[in-house]
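[1] Everything below, folded, please.
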Amino acid sequence: MSDDLMVPEPVRVLSRQQELETTWTLELESGQASRGPCLPGQFNMLYVFGVGEVPISVSGDTVQSETLVHTVRAVGPVSRKLAALKPMEIVGLRGPFGVGWPMTQSEGSDLLIVAGGLGLAPLRSAVYHVLRNRERYGRIILLYGTRSPNDILYAPQLEEWNQRPDFEVHITVDHADSDWQGMIGVVPALVPTLGFDPEDTVAMVCGPEIMMRFTVNALRDAGVEDEAIFLSMERNMKCALGHCGHCQFGATFVCKDGPVLPFDRVRGLLSLKEF
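    The predicted model follows:
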C-alpha cells in the first residue's frame, strides 16, 4: 500500500455555509484527479494542520468531481477548527476511503433511506445519486428524525425533495412546540406505517447507534431481510487504512471494510461499545 495514502494533500476551502448552530458545510477543492472519484457513502480524512485529523463522510453530489462537500459538526478540537475554516484557508485531505452505499446493487429495488440527526449527511450523497438516476429505482422513501424542528439538517433541501411526486419524505422530531405541524416521535416508529414491500426493499440507515439498532429491529419486524439492510458505522477511525486498529469491529475494520456494512455482517456486534 502506497505511503502516499498516509500523507495529507493541502487543498483550499472554497466555501463555508452554516447549517445549524454547531454544524457547517465545507466545500473543498477535490485535490489530485489520480485519487479517483468519491462514491456515495465513502469518507475522507480531513486534517487541520497542527491540530489533528478526523474522518468525514462525503455529503455532496459525487458527480461534481471538481469539489468535495463535507458537513461537519463542531464537537471536538479538530471538528471545531474545521468548522471555523474560512474560504481560501488550507485543510489536509486524504481519501476517498472505504466502501460506500450499495447503489448499483440496489437498482431495480425500492429504497428506504433512514437517517437520524447528522446521519443525513452521509446519506445525502446517496439521495443525489438516486435522484439523478431515478429510473433505475422503484419507490423511494426518506425517513428523517431529529431532536427538534430547529435541528433539522438541510431543511430547505428536504422541502424541495418533498415537492417531488416520485420521492417521499417523512420527518419526525423528538419534541416540538405548538408551531410544529409535523410528526412527533422516533424514526423506528414510522417504519410500520409506510406500507412498503419488504421483499423488494433495500434499506440504508445512518444515525446514532441506538437509533440504528431500533431501526434495524423495526425493519426486520416488517420483513426486510438482514442482507438488505445497510448501516454506516462511522466509528473511531484514525488511519483509514486498517493499520492502527482503532476502528476494529470484531473481525471487521470499519475504515476499509466499511463504513457501510450489511447488517448480516455486523449482527451481534452493533451493541458493542467503543473503547
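[2] Ends of stretch 96-111, what's the gap?
    25 Å (Cα to Cα, to the nearest Å).
[3] swap in stretch 61-73?
    Using Cα to Cα, the span of stretch 61-73 from its first residue to its last is 19 Å.
[4] so how far is that stretch from its chain's centroid?
    For stretch 61-73, the separation from the chain centroid amounts to 12 Å (computed by Cα atoms, centre = their mean, to the nearest Å).
[5] Then stretch 164-178?
    Put simply, stretch 164-178 sits 18 Å off its chain's centre (Cα atoms, centre = their mean).
[6] Offset the numbering so it begins at 47, please.
    From this message on, residue numbering opens at 47, which makes the last subject stretch 210-224.
[7] which stretches of the stretch 47-196 of the chain form helices?
    With DSSP state H, counting those that start in this stretch as the criterion, the stretch 47-196 of the chain has helices at 123-129, 166-178.
[8] ranking the ones you listed by burial, who's on top?
    Ranked by average neighbour count under the criterion mean count of other Cβ atoms under 10 Å, the helices of the stretch 47-196 of the chain are headed by helix 166-178 at a mean of 23. (C-beta placed from N, C-alpha, C; glycine too.)
[9] Quick one: closest of the helices of the stretch 47-196 of the chain to residue 69.
    With Cβ to Cβ as the criterion, residue 69 lies closest to helix 123-129 of the helices of the stretch 47-196 of the chain, at 7.6 Å.
[10] what does the closest one rub up against?
    For helix 123-129, the surrounding residues in contact (Cβ atoms under 8 Å, 6 or more residues apart in numbering) are 68-70, 72, 92, 94, 97-100, 102, 118-120, 137.
[11] what's the answer for stretch 55-64, then?
    70-78, 81, 113-114, 131-140.
[12] please redo it, this time with the cut-off set to 6 Å
    Where contact means Cβ atoms under 6 Å, 6 or more residues apart in numbering, the residues beyond stretch 55-64 that reach it are 70-75, 77, 131, 133-136, 139.
[13] Take those residues and lay them out in a markdown table including neighbour count and pLDDT.
    Below are these laid out as a markdown table (neighbours: other Cβ atoms under 10 Å; pLDDT from 0 to 100):
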| residue | neighbour count | pLDDT |
| --- | --- | --- |
| 70 | 19 | 97 |
| 71 | 20 | 98 |
| 72 | 25 | 97 |
| 73 | 19 | 97 |
| 74 | 21 | 96 |
| 75 | 17 | 93 |
| 77 | 19 | 79 |
| 131 | 19 | 96 |
| 133 | 11 | 97 |
| 134 | 8 | 97 |
| 135 | 12 | 97 |
| 136 | 16 | 97 |
| 139 | 22 | 94 |
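[14] and which of those residues is nearest residue 258?
    Taking Cβ to Cβ as the measure, residue 258 lies nearest residue 71 of the contacts of stretch 55-64, at 23.1 Å.
[15] OK, contacts around the closest one?
    Residue 71 makes contact with 63, 65, 117, according to Cβ under 6 Å, 6+ apart.
[16] switch the cut-off to 10 Å
    Residue 71 makes contact with 61-65, 105-106, 115-118, 129, 167, 170, 199-200 under the criterion Cβ atoms under 10 Å, 6 or more residues apart in numbering.
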